[in-house]
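Colleague: Below: sequence and its predicted model.
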Amino acid sequence: MTPLSSQSTPLDAGWDIEQKEVLSALGKRKAIDKWFSWLALFAVVFSLFVLVVLLADVIIDGAPVLSWNFFTSFPSRRPADAGIVSALVGTVWVMVLVALFTFPIGVGAGIFLEEFVPDSLIAKAVEINISNLAGVPSIIYGLLGLQVFVRLLFVITQGRSVLSGALTLALLVLPIVIIATRESLRSIPSSLRQAGFALGATRWQVIRSHVFPLALPGILTGVILALSRAIGETAPLITIGALTYIPFLPELSLRGLQSPFTVLPIQIYNWVSRPQTEFHDLAAGAIIVLMVILLMMNATAIYLRNRFQK
Amino acid sequence: MTTNSLPPDPNDLWQPSRGLNKRVEQAVIWLFGLFAIISVATTVGIVLSLLFETVEFFRVVPLWNFLTDRQWTPLFSNPQFGILVLLSATFLTSFIAILVAVPLGLLSAIYLSEYASPKLRKWLKPALEILAGVPSVVYGYFALLLVTPFLQIFIPQLGGFNALSAGIVIGISITPLIASLSEDAIYAVPRALRDGSYALGLTKRETVFGVVLPAALSGIVASIILAVSRAVGETMIVALAAGLNPRLGLNPFVPVMTMTAYIVQVSLGDTPAGSIAFKSIFAVGMTLFLVTLAFNIISFWFVRKFRETYE
């Protein structure tokens, strides 16, 4: 700060004192500013530090148990023999089934709300409903799954089966897919639709052959994020009663759908809640596998987003 | 200019057969409309499936006892179901979580939107997204096997299971939620407001506290309320690290049992459908549902009522 004028006036003396006060106060204010910016930076760094500590801890504890046997063995009472094959296969089953359920239903619902009835009462109602569903704790979905899929639809699902689990998780992540679909469709310029209509195409023809293919990368990003949420969920599956000791794999057939199952998060929960440290190391190993799968899915989603969204 | 050609007779023109296309269109609308209904049906299903068993539960246990008993002993021969016991534990862990998450999340949001360079921001946001994507069972591992032993160095009387480390870790797990939603709200405050504040001679921090945060208040408060609702519903961290010990009180150093942990405990056991313990998880679930619903409604209401809109 430089004085506004070097001219001498009768008020000069008073002006000088005030300016000094202002400048010294300004110095203090700037110091507080500096401290605050460091504090804010600290908050971000602290969160990231926690992430690094978490990953480092898991890797240090879990890396030694990662061996071929770990991936090919069933859970066991003896930590040295225990593995994650049934949990890993269960997670793949659940992921594929959830994708099969949520992709058509979520995308269909998204297209319906965004393209066929935009700005209508139905769209508004479903929108409010979806944002409410997003606030429902996941364990409540487990109670829903227990009542509807395990007990009410027992004939179809055979109770606590991989099908019941996948249906429960599909309901849980459906809002994510619907929202991603709507946002992706919204980003497609309407001139494209109007060009189609001008050529006499029906709304569905325009969507199927022009709008949907362009919106697909955004939609796929949403589906992948939804799936990564689904395979990390534990609470709803525990609530529907997914067994934790599964010494077999579901058959690769329609009957396999009705087979009891376990998934990685449940196996991790089971191992962490045991008192012996050997099991804790196994849990850390399973966490590494789960985190690698999740990171790969997230990386794919980010890649799709960056590659196709301009 | 004159023209003597008549308009062509429509019947002479080529007419595509669009009957099939229109029927396909109708079918698609009905099918996709049905899919859209599924999300509404989910809400109805949740309410009905909770309500059904809850009503059964209250036929056996009077609502008054449920609300006023001070014991939670579902497996005793003379069971008592005082929801206050579980509510106090849920309140305790959520409160600790909020104490951790609000300063961390809000400061992170301020840093990301006001201080970080665009390049740094591009790196920090995905890193926070990873933190948000860590499954809660992994946070549970972290709380039980890393945070609790670490805290025991400073607090020797801390139990192996306790509300404190569970609450802290829940706080860390919801920090990205507050950070990302608050950042959206702060980022949406128009640049002109900041410039006006700078023109009056305010520093950056004074601008943030005096102008930007008040302007973004509705979004920030909404993000905090949503985070509270998330903390209340958090399950795996408390089931692993907070213990399974129903106890009324707010001591963070001892094992407690939250509503979600109780549901997990009963689900893991072989509780036959129709027993009172089985019905009780739906009554607890209903309570949990109503609490989180209340928070969500308050959050919506707050945004609608206090949102500042700018041209």
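Modeller: Okay, I see it.
Colleague: elements contacting the helix or strand containing B:Ala294?
Modeller: Using DSSP states H and E, B:Ala294 maps to helix B:276-306. Counting by 3 or more CB pairs under 8 Å, 6 or more residues apart in numbering or on different chains; DSSP states H and E, the packing neighbours recorded for helix B:276-306 are helix A:121-134, helix A:138-145, helix B:19-60, helix B:83-110, helix B:217-233, helix B:259-268. All C-beta spots, glycine's among them, are computed from the backbone N, C-alpha and C.
Colleague: Redo the ones you listed as CSV? Include mean neighbour count, distance to B:Pro176 and mean pLDDT.
Modeller: Output for these, formatted as CSV (neighbours: other CB atoms under 10 Å in any protein chain shown; distance: least, CB to CB, whole Å; pLDDT from 0 to 100):
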stretch, mean neighbour count, distance to B:Pro176, mean pLDDT
helix A:121-134, 16, 15, 83
helix A:138-145, 27, 17, 90
helix B:19-60, 16, 25, 88
helix B:83-110, 23, 7, 92
helix B:217-233, 23, 10, 90
helix B:259-268, 24, 20, 88
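Colleague: and A:Ser73, which of those is closest to it?
Modeller: In terms of CB to CB, the element of the helices and strands packed on helix B:276-306 nearest to A:Ser73 is helix B:259-268, at 23.2 Å.
Colleague: how about the helices in chain A?
Modeller: Remark: helices assigned in chain A by DSSP state H are A:12-62, A:68-72, A:85-111, A:121-134, A:138-145, A:154-157, A:162-186, A:190-198, A:203-206, A:212-232, A:235-239, A:264-272, A:277-308.
Colleague: What residue in the stretch 201-310 of chain A comes nearest to chain B?
Modeller: Proximity of the stretch 201-310 of chain A to chain B (CB to the nearest CB) peaks at A:Gly232, 3.1 Å away.
Colleague: which non-adjacent residue is nearest the closest residue to chain A within the stretch 101-250 of chain B?
Modeller: Taking CB to the nearest CB, chain A has its nearest neighbour within the stretch 101-250 of chain B at B:Gly233, 2.5 Å off. Closest residue to B:Gly233 apart from its sequence neighbours, by CB to CB, 6 or more residues apart in numbering or on different chains: A:Pro137 at 2.5 Å.
Colleague: Which secondary structure element of chain A has the lowest mean pLDDT?
Modeller: helix A:154-157 (a mean of 73; mean pLDDT, DSSP states H and E).
Colleague: List the buried residues of the helix holding B:Ala294.
Modeller: For helix B:276-306, the neighbour count (16 or more other CB atoms under 10 Å in any protein chain shown) marks B:276-289, B:291-292, B:295-296, B:298-300, B:302-303 as buried.
Colleague: same check, this time on stretch A:221-230
Modeller: So stretch A:221-230, judged by 16+ other CB under 10 Å, has buried residues A:Thr221, A:Gly222, A:Val223, A:Ile224, A:Leu225, A:Ala226, A:Leu227, A:Ser228, A:Arg229, A:Ala230.
Colleague: rewinding a little: can you list contacts of the least confident helix or strand of chain A?
Modeller: Residues from elsewhere that reach helix A:154-157 (CB atoms under 8 Å, 6 or more residues apart in numbering or on different chains): A:Phe149, A:Val150, A:Leu163, A:Ser164, A:Leu167, A:Leu257, A:Gln258.
Colleague: The first one touches A:Ala166, doesn't it?
Modeller: No - here A:Phe149 lies out of contact with A:Ala166, judged by CB atoms under 8 Å, at a distance of 9.2 Å.
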